[in-house]
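Engineer: Here is a sequence with its predicted model. Questions after.
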Amino acid sequence: MSNIARLLKETIERAAKRQARAETHVLRKASVHHRKIIVELSLRVKDLEREVAQLQKASSTHIGCWPA
């Protein structure tokens with residue numbers, strides 16, 4: 001009788017692990033997607049900050065160039 005109980009317990013454990021893996025797979029996939037988006041946005045922010053710095057530098061060198 002204990003053999004049947006052990007077998008049933010093992011079967012339930014396998015099914016539970018399978019279900020948990022299936023559920024966490026979706027979360028893991030979404031997490032990877034979000035991390036990729038974060039990296040892309042971070043790179044875009046750096047590019048924009050660099051561009052702003054260049055424009056500020058260029059505009060500061062041209063302040064006195066306009067005729068009054």
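Structural biologist: Happy to help now that I have it.
Engineer: quick one: low-confidence parts of this structure?
Structural biologist: 1, 62-68 (pLDDT under 70).
Engineer: how about the helices in it?
Structural biologist: Per DSSP state H, the chain carries helices over the ranges 2-61.
Engineer: From Glu49, how far out is the residue nearest to the spatial centre of it?
Structural biologist: Nearest to the mean C-alpha position of the chain, by Cα atoms, centre = their mean, lies Arg35 at 1.3 Å. Arg35 sits 21 Å away from Glu49, going by Cβ to Cβ, to the nearest Å. (Glycine included, C-beta is placed from N, CA and C.)
Engineer: for Leu41, same thing?
Structural biologist: 12 Å.
Engineer: And for Arg14?
Structural biologist: Relative to Glu49, and taking Cβ to Cβ, Arg14 is found at 52 Å.
Engineer: what's the answer for Ile37, then?
Structural biologist: For Ile37, the distance to Glu49 - Cβ to Cβ - is 19 Å.
Engineer: before we move on, what about Leu55?
Structural biologist: Distance from Leu55 to Glu49, by Cβ to Cβ: 11 Å.
Engineer: Kindly report the same for Arg18.
Structural biologist: For Arg18 relative to Glu49 (Cβ to Cβ), the value is 47 Å.
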